[in-house]
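Novice: need a 3D model of the following:
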Amino acid sequence: MDELRDEAALRERAIALANAGGIAHSVEVLAELGLVQSASVEVKVHKASSLFKLYILNRSEAFFGFYPLRERSLTIDGGSHTFYDVTGKDTTLFHHSAGPDDASLGSQYVQQAQVWFDSVWTTIAYERPV
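Specialist: Next up, the predicted model:
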């Protein structure tokens with residue numbers, strides 16, 4: 001739709017930071033309960049739109065899923081905004097596991113997911129307190 005455009009009010013919504021805060025709290029609780037030896041959380045954000053979710057665990061497992069886009073309307077600061085939004089709660093996650101063979105499909109997938117993540121983390125991402 002031609003009337004759907006980039007709007008600062010929509011970009012400033014704090015959904016991602018709220019989700020990151022929930023993850024950070026869960027990790028802290030694991031440490032408090034003694035279920036893990038130690039735990040820490042670093043959060044960085046970037047201005048690119050997320051079209052998928054990716055979780056990488058210990059550089060050995062990856063979970064990946066596409067975000068479907070849906071048109072939504074939302075009132076922000078008294079104004080109505082219609083926009084395309086990602087819907088991640090119902091995203092199907094696909095599991096990939098690195099094996100003992102670096103040439104296996106699972107190992108290559110996890111390695112490349114980590115390379116992609118590291119490239120975003122060290123270039124366009126910046127720290128943001130949760």
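
Novice: the residue nearest the centre of the chain and Gly88, how far apart?
Specialist: In the chain, the centroid-proximal residue (C-alpha atoms, centre = their mean) is Lys53; its distance is 5.0 Å. Lys53 sits 6 Å away from Gly88, going by C-beta to C-beta, to the nearest Å. Where you see a C-beta, it was placed from the backbone N, CA and C, and this is true even at glycine.

Novice: which neighbours do the two have in common?
Specialist: Counting by C-beta atoms under 8 Å, 6 or more residues apart in numbering, the residues touching both Lys53 and Gly88 are Gly65, Tyr67.

Novice: what about the residue lying closest to Leu74 once chain neighbours are set aside, how many residues nearby?
Specialist: Nearest residue to Leu74 in three dimensions, chain neighbours excluded: His81, at 5.4 Å (C-beta to C-beta, 6 or more residues apart in numbering). If you count neighbours by other C-beta atoms under 10 Å, His81 ends up with 16.

Novice: my read is the residue nearest to the centre of the chain is in a strand, agree?
Specialist: Yes - assessed with DSSP: H, G, I helix; E, B strand; the rest coil, Lys53 lies in a strand.

Novice: helices of the protein, start to end?
Specialist: Taking DSSP state H, the helices of the chain run over residues 8-11, 15-32, 105-122.

Novice: quick one: closest of the ones you listed to Glu61.
Specialist: Using C-beta to C-beta as the measure, helix 105-122 is the one of the helices of the chain that comes nearest Glu61, at 6.7 Å.
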